[in-house]
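*Asks:* Here is the input, now give the coordinates:
(one chain, ligands or ions: 1)
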Amino acid sequence: MISINKYHILPFNFIRIKNKEVLVNELGDMIVVPTGTACRLVNKEVIEEELFKSLYANFFVTNNYFSSLMNVYAARLREKKGFLDNFTSLHIFVLTLRCNQNCVYCQASSQDEVSKHCSMSFHTMGKAVELMFKSRSPFLTMEFQGGEPTLEPKLIRYGIERAEETNKTEKRKIDYVLCTNSINLTEEIMDICQTYHVLISTSLDGPEWLHNRNRGKKDSYEKVVAGITKARELLGYDQVSALMTASEEGVFHPIEIVDEYYRFGFNSIFLRALNPYGLARDNSDWDVYTDKFIDFYKKALNYIIELNLNGKFFIEEFAAIILRKMLTPFCTGFVDLQSPAGIINSVLVYNYDGYVYASDESRMLAEFNDYTFRLGSVDDKYEDIVYGQKARELGKIWCNETIAGCSDCPIRVYCGADPVRNYSTQGDTYGYRPNSWLCRKNKAIIEYIIELIVTRHDEVMPIFKSWLV
Ligand code: SF4
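*Replies:* Numbering: from 1, shown residues only. The predicted model follows:
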């Protein structure tokens, strides 16, 4: 029997949007209530019965901390943190810094195609594969990055063959992903992809003029389109996905970019901001860029909603990740919005030079002689890499539940912790949220999604639910 007179509150934060109060609990459940409800709950006032029942059923209040309902709460919280169960599953292999493009926003400090001494050795690849299998995760993703990894086809084949051989006894589920600009999809590369069912993750920045401008080559778009078409034909339509990065020019063209993806047969787009690493680090006024990106994102998302309202199924992937956190009981596996952070817990990076890093961004910092997030080398013991001194130090600051600014943030459960980004932009792994670009961007976008749910509920919810596939 529920009592409305005597109750305990369960942990939640709240935010006011358009004269409504939105309460968000630790499970990611969200409830829209009359303004002033949070204050009334804290003061233990008697709440109207219907509202109280909603709060009770959605784990904002309880009559008894030790009731069986609390076991459900615990089970759901465990599920939300399920990404921790098996430890690192994403293993990134940076094969080379060599590249055949000249992107204006390159984050990987790529080198000319003919450069020497910036590709992984076969010894390093073999050792890295051994380390990958030390992770106890039953699911492993082996992702090849660069530079442009297709410039090292023999290394890709060798890495996969080593993994396949080891997996005869390990019996893990392994996904292979090739991150490529798609302009060098040779017969050899296609053969590897066909033989081992390698997924192609490519990048397309928008219409021809914009893509070519970003890539610094006049014929880049033409080649990418030819590459994607070829890969779709040989590997299957669903084996090819594309990512876009909103360059400083791109942020002015949300509609054209979405249209290009739709026209080209993709049913989703991931609206991605520039990262302050590599070439991009010095190229931008990041305060200005952040505001422009937020504006770009909102315009693009609104346009995508309009497409869906007009019967065209098309997903914005970042919003879909946030919506999965809000509307489903599951964790998303998206390493950039995790607490504890994705570094080490979900990702390890084996760099071309034989060193192991905490994340993709960590190895990018190393190109500027900053080795803060270098965990060791492929010749070290797995335990020394993932449980070593550096990993333990990072462990003190990789939960947004415990760091100042985030701990009482109303949208914390939808966001994540990122000590590497804090360090690279603010010189301090702990970070300072009030002037963090990443915080500003995440907050603005996540709050905008909540605002859409509050203000256009009946219109957007069927669309948002259809994105949870
Ligand atoms: S980074 Fe910003 S938006 Fe994200 S949880 Fe922390 S304070 Fe909130």
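
*Asks:* Skipping its backbone neighbours, what lies nearest Cys415 in space?
*Replies:* Asn442 (5.1 Å; CB to CB, 6 or more residues apart in numbering). No exception for glycine: its C-beta is placed from N, CA and C like everyone else's.

*Asks:* Could you verify my assumption that the one you found touches Ala417?
*Replies:* No - at 11.1 Å, Asn442 and Ala417 do not qualify as touching, with contact defined as CB atoms under 8 Å.

*Asks:* follow-up on the earlier one: which SS class is the residue nearest to Cys415?
*Replies:* Asn442 falls in the helix class when you classify it by DSSP: H, G, I helix; E, B strand; the rest coil.

*Asks:* that older thread, okay, Asn442 and Ala417: which has more neighbours?
*Replies:* Ala417 (25 against 22; other CB atoms under 10 Å).

*Asks:* Over to the closest residue to Lys44 other than its chain neighbours: give its phi and psi.
*Replies:* Spatial nearest neighbour of Lys44, excluding adjacent residues (CB to CB, 6+ apart): Tyr7 at 7.3 Å. The phi and psi values for Tyr7, taken as degrees, to the nearest 10, are phi -150, psi 170.

*Asks:* residues touching the residue in the stretch 201-350 of the chain that the ligand sits nearest to, list them.
*Replies:* Of all residues in the stretch 201-350 of the chain, Ser339 sits closest to the ligand, at 8.0 Å by CB to the nearest ligand atom. Contact analysis of Ser339 by CB atoms under 8 Å, 6 or more residues apart in numbering lists Trp398, Cys399, Asn400, Glu401, Arg412, Cys415, Gly416, Ala417.

*Asks:* quick one: it from Glu21, how far?
*Replies:* Ser339 sits 24 Å away from Glu21, going by CB to CB, to the nearest Å.

*Asks:* Could you restrict the contacts of Ser339 to the ones contacting the ligand?
*Replies:* By CB under 6 Å from any ligand atom, the members of the contacts of Ser339 lying near the ligand are Asn400, Arg412, Cys415.

*Asks:* Next, count neighbours for the last one.
*Replies:* Taking other CB under 10 Å as the criterion, the count of residues near Cys415 is 22.

*Asks:* cool, the first one as well?
*Replies:* Asn400 is flanked by 22 other residues according to other CB under 10 Å.

*Asks:* If we ignore the residues flanking it in sequence, what's nearest it?
*Replies:* Cys406 (3.8 Å).

*Asks:* doesn't Arg412 make contact with that neighbour?
*Replies:* Yes - with contact defined as CB under 8 Å, Cys406 and Arg412 form a contacting pair (5.4 Å).

*Asks:* shared neighbours, the two?
*Replies:* Shared contacts of Cys406 and Arg412, counting by CB under 8 Å, 6+ apart, come down to Asn400.

*Asks:* ok, the residue nearest to Cys415 - contacts?
*Replies:* Leu337, Ile411, Cys415.

*Asks:* and these as a markdown table, adding secondary structure and pLDDT?
*Replies:* Formatted as a markdown table, the contacts of Asn442 follow (DSSP: H, G, I helix; E, B strand; the rest coil; pLDDT from 0 to 100):
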| residue | secondary structure | pLDDT |
| --- | --- | --- |
| Leu337 | helix | 95 |
| Ile411 | coil | 96 |
| Cys415 | coil | 97 |
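
*Asks:* That'll do, ta.
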